[in-house]
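Trainee: can you look at this prediction? I've put the sequence above it.
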Amino acid sequence: AQTVTQSQPEMSVQEAETVTLSCTYDTSESDYYLFWYKQPPSRQMILVIRQEAYKQQNATENRFSVNFQKAAKSFSLKISDSQLGDAAMYFCAYRSRDDKIIFGKGTRLHILP
Amino acid sequence: NAGVMQNPRHLVRRRGQEARLRCSPMKGHSHVYWYRQLPEEGLKFMVYLQKENIIDESGMPKERFSAEFPKEGPSILRIQQVVRGDSAAYFCASRKPSTDTQYFGPGTRLTVL
């Protein structure tokens, strides 16, 4: 069975600085998708970025980018120029071949003004 | 294009009552998923439905829980004879056929007294 591990329950970063959230996963599948979701205090789940496993190029969405290391089964999220609105829980997620999404336990990100 | 709609946003029930949670997927989305989030946890898959069919209910408790996605109308997650342990946030997600990204609704927070 697939698992997703986020080893940092909480992190803090100064406003305008860069922060990296870690995620590792375990799978025997070769083709899959990885996601980062953001959950602000409103509890809405917001898709931040997605990565197809067959693509070597790391996905980027404005200030958000990933470092996808398929062999190491690592999928970290980098947030550049952190803003107060980035404060939230961030969940790393894996979409399996049977179409379920498996979530990590989350990392709570604090932005310090 | 409206996002995934869920109602009610908050639901309070006493032990033994029934809870009905509704999810209207995005337009054109025929695949619906239900997830449960316990406090300070990531989301856990419950059930995957397509119109009039349950595709995968492996994450749903065998007793008291049921889900449907009729030809017309929203998807319904039904919890009979609720217990305190059912208190959680329940999220619905939907996606279009032949795509991989699930879009989440705002969730229903169920509180069982």
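Mentor: Yes, it's here. Numbers count the residues shown, from 1 in each chain, chains lettered A, B, ... in the order given.

Trainee: centroid residue for chain B?
Mentor: Centroid check for chain B by CA atoms, centre = their mean gives B:W34 as the closest residue, at 3.7 Å.

Trainee: ok, and the closest non-adjacent residue to that residue?
Mentor: B:M46 (4.4 Å; CB to CB, 6 or more residues apart in numbering or on different chains). (Each C-beta comes from the backbone N, C-alpha and C, glycine too.)

Trainee: so what's the residue count around B:N53?
Mentor: For B:N53, the neighbour count with other CB atoms under 10 Å in any protein chain shown is 9.

Trainee: pLDDT score assigned to the residue nearest to the centre of chain B?
Mentor: With respect to pLDDT, B:W34 has a value of 97.

Trainee: list phi and psi for it.
Mentor: phi -120, psi 140 (degrees, to the nearest 10).

Trainee: same question for B:G85.
Mentor: Dihedral angles for B:G85 - degrees, to the nearest 10 - are phi -70, psi -10.

Trainee: just checking, the residue nearest to B:W34 touches B:Y35?
Mentor: Yes - at 6.0 Å, B:M46 and B:Y35 qualify as touching, with contact defined as CB atoms under 8 Å.

Trainee: get me the contact residues on chain B for chain A.
Mentor: Within chain B, the positions near chain A by CB under 8 Å from any CB of the partner chain are B:31, B:33, B:35, B:40-45, B:48, B:55-56, B:59, B:89, B:91, B:93, B:100-104, B:106-107, B:109.

Trainee: PyMOL command for the buried members of those residues?
Mentor: To isolate the buried ones among the residues of chain B next to chain A in PyMOL, judged by 16 or more other CB atoms under 10 Å in any protein chain shown, type:
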select buried, chain B and resi 31+33+35+42+43+44+45+48+59+89+91+93+102+103+104+106+107+109
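
Trainee: what about the residues of chain B next to chain A, which are in helices?
Mentor: Among these, the subset assigned to helices under DSSP state H is empty.

Trainee: now the residue nearest to A:E52 when sequence neighbours are not counted: how far from A:P41?
Mentor: Leaving aside its sequence neighbours, A:E52 sits nearest to A:Y33 (CB to CB, 6+ apart; 5.8 Å). As defined by CB to CB, to the nearest Å, A:Y33 lies at a distance of 27 Å from A:P41.

Trainee: more neighbours, the two?
Mentor: A:Y33 (18 against 8).

Trainee: what does the helix or strand hosting A:Q51 contact?
Mentor: Using DSSP states H and E, A:Q51 maps to strand A:46-52. The contact list for strand A:46-52, computed with CB atoms under 8 Å, 6 or more residues apart in numbering or on different chains, reads A:33-40, A:58-61, A:64-66, A:68, A:75, A:77, A:90, B:100-101, B:103-104.

Trainee: one more time with 6 Å, if that's ok
Mentor: A:Y33, A:L34, A:F35, A:W36, A:Y37, A:K38, A:A59, A:E61, A:F64, A:V66, A:F68 (CB atoms under 6 Å, 6 or more residues apart in numbering or on different chains).

Trainee: just the buried members of those residues?
Mentor: By 16+ other CB under 10 Å, these give A:Y33, A:L34, A:F35, A:W36, A:Y37, A:K38, A:A59, A:F64, A:V66, A:F68 as buried.
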